[in-house]
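Asker: coords below, sequence missing:
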């Protein structure tokens with residue numbers, strides 16, 4: 001049960017109000033951005049404290065959302081209500097742009113840390129700083145030589161995370177917003193969902209190769225290179241070969257890790273490696289689709305989220321009717337309270353058939 005929702009000041013992150021919800025749901029997403037909605041009566045108290053830009057969270061919980069839209073309504077029953085909608089708080093990373101190309105460190109954690117440092121936590125222009133935003137222990141997953149191009153910071157970070165099968169989240173700790181990369185743990189041996197255990201609501205398996213691409217040609221006005229996907233044991237030929245053209249967004253000028261502006265030749269190995277990374281990301285978005293997806297029943301489950309497994313962890317799923325088993329990743333969780341009571345809805349995907 002969610003007895004009330006805490007409202008935090010958008011600048012100090014201190015609690016300023018407690019609102020009793022008629023309905024509330026809030027999502028957390030591994031790869032994307034979860035949404036939220038708080039529906040409550042339009043009392044004088046609620047009107048005073050529930051504003052665009054404020055943060056909301058459940059009591060005694062680290063997960064937090066930001067309100068981006070407010071709707072006031074007078075309904076057929078004569079009640080005046082407030083509907084506040086928004087996103088999980090990592091959405092605020094998208095309020096910043098990568099203003100100029102920069103060469104990133106060669107680990108995923110180093111890359112994320114550099115992007116956040118330069119654009120959010122300690123930018124050269126102090127007006128770009130978001131107070132009370134920190135990044136925690138970072139990931140050592142090696143990444144290819146990479147240039148972060150101009151564009152939306154959040155979109156770039158989400159794409160980079162998906163390329164290396166990693167998600168990230170921002171949580172509320174000690175009146176701060178702390179960024180963490182999610183490191184999936186394989187819990188498939190200890191956490192199992194199936195129809196016979198009565199804790200599997202929906203199970204779907206889907207496979208398709210209609211959008212698959214096996215070969216990327218990265219094209220720019222400066223230089224062209226061919227890039228073969230590293231995921232193949234051997235190069236695809238004949239009808240199995242599927243090609244894609246990637247329009248490069250790279251610049252020969254960039255800022256290095258010491259903050260100095262540099263320039264490379266479009267024929268240099270560094271520039272070609274950057275283009276190769278563009279090709280790799282494009283191929284990662286255009287591979288054979290083999291999806292397992294569904295919904296887990298938490299009401300009839302003995303497993304507890306954040307105790308037995310976390311967002312991004314791998315769990316076991318068995319569909320006895322179709323006769324297949326797979327390990328799947330927890331991609332989304334929704335905390336929900338309405339007239340029916342409190343529930344947690346878990347969605348899984350990105351599975352591997354056994």
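Answerer: It's in. If you're wondering where the values come from, they're calculated on a predicted model, not measured in any experiment. Residues are numbered from 1 along each chain as shown.
Asker: how about low-confidence regions in the stretch 201-350 of the chain?
Answerer: Flagging of the stretch 201-350 of the chain using pLDDT under 70 yields the residue ranges 223-235, 288-291, 300.
Asker: which parts of it are strands?
Answerer: For the stretch 201-350 of the chain, applying DSSP state E, counting those that start in this stretch gives strands covering 215-219, 224-228, 243-247, 253-255, 261-263, 289-297, 314-319, 324-338, 341-353.
Asker: elements contacting the longest helix that the chain contains?
Answerer: Secondary structure of the chain per DSSP state H: the longest helix is helix 269-284. For helix 269-284, the packing partners by 3 or more Cβ pairs under 8 Å, 6 or more residues apart in numbering; DSSP states H and E come out as helix 153-163, strand 215-219, strand 224-228, strand 243-247. Backbone N, C-alpha and C define where each C-beta goes, glycine included.
Asker: pLDDT weak spots in the stretch 51-200 of the chain?
Answerer: For the stretch 51-200 of the chain (pLDDT under 70), the answer is 145.
Asker: mind listing the strands for it?
Answerer: 55-57, 64-74, 80-88, 97-98, 102-103, 133-135, 147-148, 151-152, 167-173, 176-182, 192-194, 200-208.
Asker: got the contact list for the fifth one?
Answerer: Yep, that's strand 102-103 we're talking about. For strand 102-103, contacts defined as Cβ atoms under 8 Å, 6 or more residues apart in numbering pick out 114, 115, 118, 145, 146, 147, 148, 254, 255, 256, 257, 262.
Asker: looking at the residues you listed, which one is closest to residue 36?
Answerer: When these are compared for distance to residue 36 (Cβ to Cβ), residue 115 wins out at 25.0 Å.
Asker: look at the closest one and say how many residues are nearby.
Answerer: 23 (other Cβ atoms under 10 Å).
Asker: again with residue 38
Answerer: Residue 38 has 24 nearby residues by other Cβ under 10 Å.
Asker: now swap in residue 82 and tell me
Answerer: 19.
Asker: same thing with residue 319?
Answerer: Using other Cβ under 10 Å, residue 319 has 18 neighbouring residues.
Asker: in the sheet, who's paired with it?
Answerer: Residue 319 forms beta bridges with residue 324, as assigned by DSSP bridges.
Asker: how close does it get to residue 294?
Answerer: Look at residue 319 and residue 294: by Cβ to Cβ, to the nearest Å, they are 9 Å apart.
Asker: circling back: of all the helices and strands packed on helix 269-284, which lies closest to residue 345?
Answerer: Once those are compared by Cβ to Cβ, helix 153-163 is nearest, at 22.2 Å.
Asker: what's the closest one packed up against?
Answerer: Packed against helix 153-163, as judged by 3+ Cβ pairs under 8 Å, 6+ apart, are the following elements: strand 97-98, helix 108-116, strand 167-173, helix 269-284.
Asker: figure out which of the ones you listed is closest to residue 343.
Answerer: Using Cβ to Cβ, the helices and strands packed on helix 153-163 put strand 167-173 closest to residue 343, at 21.1 Å.
Asker: partner strands of that closest one, parallel or antiparallel?
Answerer: strand 176-182 (antiparallel).
Asker: overlap in contacts of residue 319 and residue 294?
Answerer: By Cβ under 8 Å, 6+ apart, the residues touching both residue 319 and residue 294 are 200, 203.
Asker: residue contacts, residue 84?
Answerer: Residue 84 touches 37, 38, 39, 40, 50, 56, 67, 69, 70, 71, counting by Cβ under 8 Å, 6+ apart.
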